[in-house]
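In: have a look; sequence and predicted model below, questions after that.
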Number of protein chains: 2
Amino acid sequence: MRLLIVEDEPNLGNQLRNALEGAGYAVDLATDGEEGHFLGSTETYDAVILDLGLPEVDGLTVLDRWRREGKTTPVLVLTARDSWSDKVAGLDAGADDYVAKPFQTEELIARLRALIRRASGNASAELTAGDIRLDTRSGKVTKDGEPVKLTAQEYKLLSYLLHHKGKVVSRTELIEHIYDQDFDRDSNTIEVFVTRIRKKLGPDVITTIRGLGYSLEEPAGVA
Amino acid sequence: MRLLIVEDEPNLGNQLRNALEGAGYAVDLATDGEEGHFLGSTETYDAVILDLGLPEVDGLTVLDRWRREGKTTPVLVLTARDSWSDKVAGLDAGADDYVAKPFQTEELIARLRALIRRASGNASAELTAGDIRLDTRSGKVTKDGEPVKLTAQEYKLLSYLLHHKGKVVSRTELIEHIYDQDFDRDSNTIEVFVTRIRKKLGPDVITTIRGLGYSLEEPAGVA
DNA sequence: ACATGGTTGTCAGGCGAGTGTCAGGAGAGC
DNA sequence: GCTCTCCTGACACTCGCCTGACAACCATGT
């Protein structure tokens, strides 16, 4: 899962980045509205955290532009506390959720998780495929009810595939969503991690679509 | 366990704070409704003690706002002795328990404990995991029936993990709940205390989830 | 006031899991 | 059979975590 933070205040921005990276997200940080809008328009993110009070271009404007461009990425807006007018305006512009500043990191993360879950159309916090089960809240994975120990990267990869169950996901797409901007794009880490996951969860969990990428399917009628 | 006290009368407020800190809680104190609401909205507490007669914004209003914002933190309300109307109103606004002023500190603490226990879904005053047993009433910990002497911080840490048994708890979350507002966030005290607890209770009590945090599990079927 | 014992937070060194790179091998598709 | 893609075992390096030692800080009793 990859996030964009648009926040001009350096302290808060970095603090946020650290917290979210700690929570297992890949994070890009933009420090003004111009850069934020640019990144949001050109890169793909699973969610955006947008501060409203920004230099150059106001946060609301950025949000509005994205929506006009047809971007549907879920956006979580940071508002100053008490600023109800901001909230209303934000709603109109198409924000998906709010957190009042200053905020508690845990709450922000919880809301983000909910946002991403909603956006990918999953009602529940649990993602499943066959006998594999992943709980996004506790961060635990089980197979046949047996807990399986995954490392951070393995978890990210599996979680992304589960969020896009049934679709074919290219290696590039995976790299873009699991790592942040500056990461060597011609590396075979993804293959390596797919292998490692297959070792832990069984060879049939992830299907290779030769030349295109990988896909995680709900196993067909076979019992 | 971290508490918020909202109490305008300085004597009572400080007295409460001392008593509760003595009982092993991390305590923040707000002296008016505005500040109280702000802290309650932005920080995470395990419970709130709320006086109803407050300057600026009334206690009931504060409570009502929190509930509208979706806060589910358990709230214990302090009411004047005979003010039944307050109680009724408080109930409507979503208070979880009452203590009539003037009150006995011990009673308050007992009720708080019950409140927190209920909120975390534990029926009993005892938290257990394997052969570890923690009595929240007496504040005593035993392993295999043998009493174990824990220091205050060790106890807090263990207790928080037990309250969240099975979940992965990040180092940040632990810091936020064990210490009060201003505490250096990048310090390795948590690691140190985990080590110390492991020394006293055995190395397998607390599991490290690399990159994410710690977790306290009910040991699997193995006898 | 002073001494004492215990508790708490900081630091630095060390260790190991986790991660990415590589290279050789297997298999699909033509 | 040849080629291109993907798989996978081994290795090196990094970074996170552990842990022993120290110093500051209480609380307590004298």
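Out: Nice, thanks for sending it over.
In: what sits against A:V6?
Out: For A:V6, the contact set (Cβ atoms under 8 Å, 6 or more residues apart in numbering or on different chains) comprises A:30-33, A:35-36, A:40, A:48-51, A:54, A:59, A:62. From N, CA and C alone the C-beta is placed, and that goes for glycine too.
In: identify the residue nearest it in space, chain neighbours excluded?
Out: The shortest distance from A:V6 to any non-neighbouring residue, by Cβ to Cβ, 6 or more residues apart in numbering or on different chains, is to A:G36 (3.4 Å).
In: centre of the chain to the helix or strand harbouring that neighbour, how far?
Out: According to DSSP states H and E, A:G36 maps onto helix A:33-42. Distance of helix A:33-42 from the chain centroid (Cα atoms, centre = their mean, to the nearest Å) equals 17 Å.
In: for stretch A:136-143, measure first residue to last.
Out: The first and final residues of stretch A:136-143 sit 15 Å from each other (Cα to Cα, to the nearest Å).
In: among the contacts of A:V6, which one sits closest to B:L162?
Out: The closest of the contacts of A:V6 to B:L162 turns out to be A:I49 (Cβ to Cβ; 32.7 Å).
In: off-centre distance for the helix or strand where the closest one lies?
Out: Using DSSP H and E, A:I49 sits within strand A:47-51. Relative to its parent chain, strand A:47-51 has a centroid offset of 11 Å by Cα atoms, centre = their mean.
In: A:R111 against A:V77, yeah?
Out: No - using Cβ atoms under 8 Å, A:R111 is not in contact with A:V77, being 10.7 Å away.
In: chain A against DNA strand D: which residues are in contact?
Out: Taking Cβ under 7 Å from any atom of the strand, the part of chain A that reaches DNA strand D is made up of A:171, A:188, A:191-192, A:194-195, A:198-199, A:203, A:208, A:210-213.
In: most surrounded residue in those residues?
Out: Most neighbours among the residues of chain A next to DNA strand D, by other Cβ atoms under 10 Å in any protein chain shown: A:V194, with 21 neighbours.
In: how about the contacts made by that residue?
Out: Residues near A:V194 by Cβ under 8 Å, 6+ apart: A:L157, A:I206, A:T208, A:Y214.
In: which one is the third one nearest to, not counting chain neighbours?
Out: Nearest-residue entry for A:T208: A:Y214, 6.0 Å, with adjacent residues in sequence omitted and distances by Cβ to Cβ, 6+ apart.
In: which helix or strand lies directly C-terminal to the helix or strand of chain A with the lowest mean pLDDT?
Out: Within chain A, confidence by mean pLDDT, DSSP states H and E is lowest for helix A:84-93 among all helices and strands, at a mean of 62. Later in the chain than helix A:84-93, the nearest helix or strand by DSSP H and E is strand A:97-101.
In: mind checking the longest helix of chain A?
Out: helix A:105-119 (DSSP state H).
In: run the angle between that one and strand A:47-51 for me.
Out: Here the directions of helix A:105-119 and strand A:47-51 differ by 130 degrees (axes from the mean of the first three to the mean of the last three Cα atoms, to 10 degrees).
In: quick one: helix A:105-119 to strand A:97-101, angle?
Out: Angle of helix A:105-119 versus strand A:97-101, following the same axes, to 10 degrees, is 170 degrees.
In: could you name the helices and strands sitting against helix A:105-119?
Out: Judged by 3 or more Cβ pairs under 8 Å, 6 or more residues apart in numbering or on different chains; DSSP states H and E, the packing partners of helix A:105-119 are helix A:10-22, strand A:47-51, strand A:75-80, strand A:97-101, helix B:171-178.
In: let me have those in a markdown table, extended by distance to DNA strand C and mean pLDDT.
Out: A markdown table is the format used below for these (distance: least, Cβ to the nearest atom of the strand, whole Å; pLDDT from 0 to 100):
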| stretch | distance to DNA strand C | mean pLDDT |
| --- | --- | --- |
| helix A:10-22 | 12 | 82 |
| strand A:47-51 | 21 | 92 |
| strand A:75-80 | 25 | 84 |
| strand A:97-101 | 26 | 76 |
| helix B:171-178 | 8 | 85 |
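In: deepest of these, which one?
Out: Counting by mean count of other Cβ atoms under 10 Å in any protein chain shown, strand A:47-51 has the highest mean neighbour count of those, with a mean of 26.
In: and the angle from that one to helix A:33-42?
Out: Angle, strand A:47-51 to helix A:33-42, by the same axes, to 10 degrees: 170 degrees.
In: tell me what strand A:47-51 is packed against?
Out: strand A:2-6, helix A:59-68, strand A:75-80, helix A:105-119.
In: just for chain A, where's the confidence low?
Out: Within chain A, the ranges that satisfy pLDDT under 70 run A:56, A:80-93, A:102, A:121-124, A:220-223.
In: quick revisit: how far does the longest helix of chain A sit from the chain's center?
Out: The answer for helix A:105-119 is 10 Å, by Cα atoms, centre = their mean.
In: what element comes up after that helix heading to the C-terminus?
Out: Downstream of helix A:105-119 (by DSSP H and E), the next one is strand A:126-129.
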